[in-house]
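S.K.: Build me a model:
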Amino acid sequence: MNEKNNKKIKVIIISIVLVALIGIAIAFFTSRSESGKKTVRVGNLSIIYENEKVFKLSNQFPVYDEDIEEDASKIEFTVRNNGNVLEYASISMIDITIDDKLKIPDFKYALYEKNINEPVKEGNFENVGTEINIATNIEFAPDSSKDYVLYVWLSENDGDQSDLMGTTFKARIKLEGYGKKQVKKVLLSEQIKQDNAPIKEDKPDFSQPATDDEGLIKDKDDDGDTYYFRGAVENNYVKFNGLTWESTDTGEETGKIYHNAGEEMLWRIVRINGDGTIRLIADGSIGDSAFNENYIGEKSVGYTYGNSEANVQDGENSTIKTYLEAWYERNMMPYDEYIAESKFCNDTSTITDEDGYIEYGAYDRFYNNDPPTPSFKCPNTTKNYGGLYTDLKVGLITADEVVFAGGFPEDSNDSYYLYGKSDFFQTITPSSGPYVWTIFLGRLGTQDRTLDEEMSARPVINLRSDLLYTEGNGSYENPYVVGK
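M.R.: Numbering: from 1, shown residues only. A predicted model of the protein is given here:
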């Protein structure tokens, strides 16, 4: 092994016990009491293992990830289906006890089926509890077997890892067999959180754009805990089964150069809302619309205007509201059952600055605070336009949500997930002038377009809180899927 590995790390594993279970324990063993080959039967399934292959990580050197086959501790076992019907099984590590120092990304595991290069599952112990599910619904054909190797190792990071000396870890490996494929009912919102664990809780640096993948971060909105994606994330894609981009009235490419009519339409997860609904923004433009083509003074920034009283949105619709709702009627009705009537904040609260000018609330949060203080909470307003809408199926993203996502006032950002896929696109948030905050190739600005100029429209919708996970991991190649 390379000289840099000669800092001995005493990761001591007392024993790894292989347990075969169907609901309750049927048999177990430890390597201390047996020798040679052993078979444990679990209904039609059996586990065959060599006792000397139990984990023994005492005096373990750190291992480079590419060298685990030669240098990592491992346990090898075979699972065989002795019956004449298809069987399913899950493999997990249970009864885990681990020193806190080992709850790090560098302490890893990986399960491989022999002679297959891709792992069945790999991960680390950074956010571990007492159990890790390694694989579920593994199929075993009648009268067949599969050979497995489970590796556990401390990954060499070329740094000083001496603080891990003397730490300990132990666990048991459990095989659970069942004759019918299990369908675990998990809320989509919970699956998203699981796929992005550990979730960060510290506030990020809002004094600059987010150019790296900062993952899923916890904050508060009017309804409780909200979880938002920030930066160059690549695992927040969603698709509706069968939904495609529609053509424009001219027959040209929808969203200009970014996607074509008839192509699969993708969405990006902005956040999981405090009420459990999931906010999505279209990953591109559905076409162009003015925010309000009829200039009527300051009321032009209202998503609706001329409301009968403050915070009651029963007035005239803005141009963009009419445009979005017409698009929704044409395209989203087959998926309407999955979409919640939800909240949208057209923040028309105002402040008067030191020079006597009246500015809207977002301007105050972004420019009068260092760093900016975006908020998911919707301020009260005394205006008879805009405010908090509570029952809309479609709307626009807020400027605050853009800042949470990684945008920054007046600075470009070509790395975060809202970059590209449209040219100028508009938010629902008033700025001044009157204008609304817009995004141009990642830059959040205040006066780039007047309200009567056409800009790209990127609709925002909210998935229902009781929507179950079906498939996908949020990547571009394998997005979360909504719909049958």
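S.K.: Can you get me a residue count around Ser73?
M.R.: By other CB atoms under 10 Å, 21 other residues sit near Ser73. In short, each C-beta sits where N, CA and C put it, glycine included.
S.K.: do the one 5 residues further on as well
M.R.: Counted with other CB under 10 Å, residues neighbouring Thr78 total 16.
S.K.: what pairs with it across the strands?
M.R.: Ile48, Asp147 (DSSP bridges).
S.K.: so Val85 sits in a strand?
M.R.: No. Assigned with DSSP: H, G, I helix; E, B strand; the rest coil, Val85 falls outside any strand and is coil.
S.K.: Please report how far it lies from Gly179.
M.R.: 7 Å (CB to CB, to the nearest Å).
S.K.: can you give me the strands in the stretch 1-150 of the chain?
M.R.: 16-22, 24-28, 37-42, 45-50, 73-81, 87-98, 107-113, 121-124, 132-140, 144-154 (DSSP state E, counting those that start in this stretch).
S.K.: contact partners of the helix or strand hosting Glu401?
M.R.: According to DSSP states H and E, Glu401 maps onto helix 399-405. Helix 399-405 is contacted by residues 206, 210, 217, 219, 228-231, 270-271, 279, 347, 362, 365-366, 372, 374-376, 409, 416-418, 427, 429, 431, 437, 439, 444 when judged by CB atoms under 8 Å, 6 or more residues apart in numbering.
S.K.: Show me how this protein divides into domains.
M.R.: 3-178, 192-482 (automatic domain parsing).
S.K.: which one of those domains has the lowest average pLDDT?
M.R.: Mean pLDDT across these is lowest at domain 3-178; the value there is a mean of 72.
S.K.: Please identify the buried residues of the helix of greatest length in the chain?
M.R.: The single longest helix within the chain, with elements called by DSSP state H, is helix 319-331. By neighbour count on 16 or more other CB atoms under 10 Å, the buried set for helix 319-331 is Thr319, Ile320, Lys321, Tyr323, Leu324, Glu325, Trp327, Tyr328, Asn331.
S.K.: since we're on the nearest residue to Leu468 once chain neighbours are set aside, how many residues are nearby?
M.R.: Nearest non-adjacent residue to Leu468, counting by CB to CB, 6 or more residues apart in numbering: Lys185, 5.7 Å away. Using other CB under 10 Å, Lys185 is surrounded by 6 other residues.
S.K.: What of Tyr295?
M.R.: Around Tyr295 there are 12 residues (other CB under 10 Å).
S.K.: Name the nearest residue to it, ignoring sequence neighbours.
M.R.: Closest to Tyr295 by CB to CB, 6+ apart is Asp452, at 6.0 Å.
S.K.: mind checking how far the closest residue to Glu325 other than its chain neighbours is from Leu86?
M.R.: Spatial nearest neighbour of Glu325, excluding adjacent residues (CB to CB, 6+ apart): Val394 at 6.3 Å. Val394 sits 44 Å away from Leu86, going by CB to CB.
S.K.: ok, of the contacts of helix 399-405, which come out buried?
M.R.: Among the contacts of helix 399-405, the ones that count as buried (16+ other CB under 10 Å) are 206, 210, 217, 219, 228-231, 270-271, 279, 347, 362, 365-366, 372, 374-376, 409, 416-418, 427, 429, 431, 437, 439, 444.
S.K.: Narrow these to those in strands?
M.R.: Per DSSP state E, strands hold the following members of these: 217, 219, 228-231, 270-271, 279, 427, 429, 437, 439, 444.
S.K.: just curious, which of these is nearest to Ile104?
M.R.: Top of the list for closeness to Ile104, among these and by CB to CB, is Ile217 at 20.3 Å.
S.K.: Surely Thr429 touches Thr348?
M.R.: No. Assessed by CB atoms under 8 Å, Thr429 is found out of contact with Thr348, at 9.4 Å.
S.K.: list residues touching both of the two?
M.R.: Common neighbours of Thr429 and Thr348 (CB under 8 Å, 6+ apart) are Tyr360.
S.K.: Break down this structure into its helices, ranges please.
M.R.: So, for the chain - with DSSP H - the helices run 68-71, 188-195, 319-331, 361-367, 399-405.
S.K.: so which of these comes closest to Glu139?
M.R.: helix 188-195 (21.9 Å).
S.K.: Would you mind listing the buried residues in that closest one?
M.R.: Of the residues in helix 188-195, those buried (16+ other CB under 10 Å) are Leu188, Ser189, Gln191, Ile192, Lys193, Asp195.
S.K.: For Gly483, state which of the residues you listed is nearest.
M.R.: Using CB to CB, Leu188 comes nearest to Gly483 of these, at 12.0 Å.
S.K.: Quick one: residues contacting Glu122.
M.R.: By CB under 8 Å, 6+ apart, the neighbours of Glu122 are Lys108, Tyr109, Ala110, Leu111.
S.K.: any idea how far Val120 is from the second one?
M.R.: In this case it means Tyr109. In terms of CB to CB, Tyr109 sits 11 Å off from Val120.
S.K.: Mind listing the shared neighbours of these two?
M.R.: Joint contacts of Tyr109 and Val120 (CB under 8 Å, 6+ apart) are Ile134.
S.K.: Compare the two (neighbour count), which wins?
M.R.: Tyr109 (21 against 17).
S.K.: isn't Thr438 right next to Thr427, touching?
M.R.: Yes. If you go by CB under 8 Å, Thr438 and Thr427 touch, sitting 6.8 Å apart.
S.K.: ok, the nearest residue to Ser207 once chain neighbours are set aside - contacts?
M.R.: Leaving aside its sequence neighbours, Ser207 sits nearest to Pro371 (CB to CB, 6+ apart; 3.6 Å). Pro371 makes contact with Asp205, Phe206, Ser207, according to CB under 8 Å, 6+ apart.
S.K.: I'd like to know how many residues surround the last one.
M.R.: By the other CB under 10 Å criterion, the neighbourhood of Ser207 contains 10 residues.
S.K.: give me every residue that touches it.
M.R.: Residues in contact with Ser207 (CB under 8 Å, 6+ apart) are Asp370, Pro371, Pro372.
S.K.: do you know how far it is from Asp225?
M.R.: Where Asp225 is concerned, Ser207 sits at a distance of 24 Å (CB to CB).
S.K.: next one: the first one
M.R.: In this structure, Asp205 and Asp225 are 21 Å apart, going by CB to CB.
S.K.: Neighbour count: those two, which is higher?
M.R.: Higher neighbour count among Asp205 and Asp225: Asp225, with 14 against 10, using other CB under 10 Å.
S.K.: ok so, going back, okay but the residue nearest to Tyr295 is in contact with Asn292, surely?
M.R.: Yes. Counting by CB under 8 Å, Asp452 does reach Asn292; the two are 6.8 Å apart.
S.K.: Which of these two has more residues huddled nearby?
M.R.: Between Asp452 and Asn292, counted using other CB under 10 Å, the more crowded position is Asn292 (25 against 13).
S.K.: what residues are up against the more buried one?
M.R.: Ser300, Val301, Gly302, Tyr305, Ser318, Thr319, Ile320, Leu451, Asp452.
S.K.: Recalculate using a threshold of 10 Å.
M.R.: 299-303, 305, 316-322, 434, 436, 450-452 (CB atoms under 10 Å, 6 or more residues apart in numbering).
S.K.: What of Lys321?
M.R.: Lys321 sits next to 289, 291-292, 302-304, 313, 344, 346, 389, 392, 394-396, 428 when contact means CB under 10 Å, 6+ apart.
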